[in-house]
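*Asks:* sequence and predicted structure below; questions after.
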Amino acid sequence: MKGWLGITLGDPSGIGPEVALKALARTEQDRFKYLLLGDADVITSVSKSSGVQLPLTSFQSYQQTGRFFYLQAGAGLPADLACGSRVAAEGAMAALTEGARRSI
């Protein structure tokens, strides 16, 4: 697991996912691998809609090749997710919980 950075995306109905993806797109080649924790559908759809061209791959193991990975944290979110809703907050908490669990 050495060399990995986990990133939670905040409120999946807010600007957090777009900000995180755009920040990662500006990273120079470095020695880290990035694991985005959140709703997989939100991550992939925001990546496409924002024009970010990260080579995102679904996380399977810490031995994978590549740099940018995403992992579904918690239950999948509905497509019509209301901004600031309880379901969005639960999704954000699931990502934080998963991140904390993986940092032990």
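*Replies:* Looks like it arrived, so ask away. Computed from a prediction, not measured in an experiment: that's the story for all the values here.
*Asks:* mind checking the longest helix of this structure?
*Replies:* For the chain, the longest helix by residue count, based on DSSP state H, is helix 86-102.
*Asks:* enumerate the positions of that one that are buried.
*Replies:* For helix 86-102, the buried set under the neighbour-count rule, 16 or more other CB atoms under 10 Å, comprises 88, 91-92, 94-96, 98-99. Every residue, glycine included, has its C-beta placed from N, CA and C.
*Asks:* likewise stretch 63-75?
*Replies:* Buried-residue list, stretch 63-75, by 16+ other CB under 10 Å: 67-74.
*Asks:* can you pull the phi/psi pair for Tyr34?
*Replies:* When read as degrees, to the nearest 10, the backbone of Tyr34 gives phi -110, psi 130.
*Asks:* strands of the chain, start to end?
*Replies:* 4-8, 33-38, 56-58, 68-72 (DSSP state E).
*Asks:* show me the shaky parts of the protein.
*Replies:* Under the criterion pLDDT under 70, the flagged ranges of the chain are 1.
*Asks:* what residue is smack in the middle of it?
*Replies:* Leu36 (2.8 Å; CA atoms, centre = their mean).
*Asks:* for Lys22, see how far away Ser49 is.
*Replies:* To Lys22, Ser49 is 12 Å away according to CB to CB, to the nearest Å.
*Asks:* whoops, I mixed them up, Ala79
*Replies:* Distance check for Ala79 against Lys22: by CB to CB, it reads 22 Å.
*Asks:* okay, now Glu28: neighbour count?
*Replies:* Other residues near Glu28 come to 4 when the count uses other CB atoms under 10 Å.
*Asks:* and Ser49 and Lys22? which has more neighbours close in?
*Replies:* Lys22 (16 against 9).
*Asks:* ok, back up a step: what does the longest helix of the chain contact?
*Replies:* With CB atoms under 8 Å, 6 or more residues apart in numbering as the test, helix 86-102 has contacts from 1, 6, 8-14, 16, 35, 37-39, 42, 71, 73-75, 77-78, 81-82.
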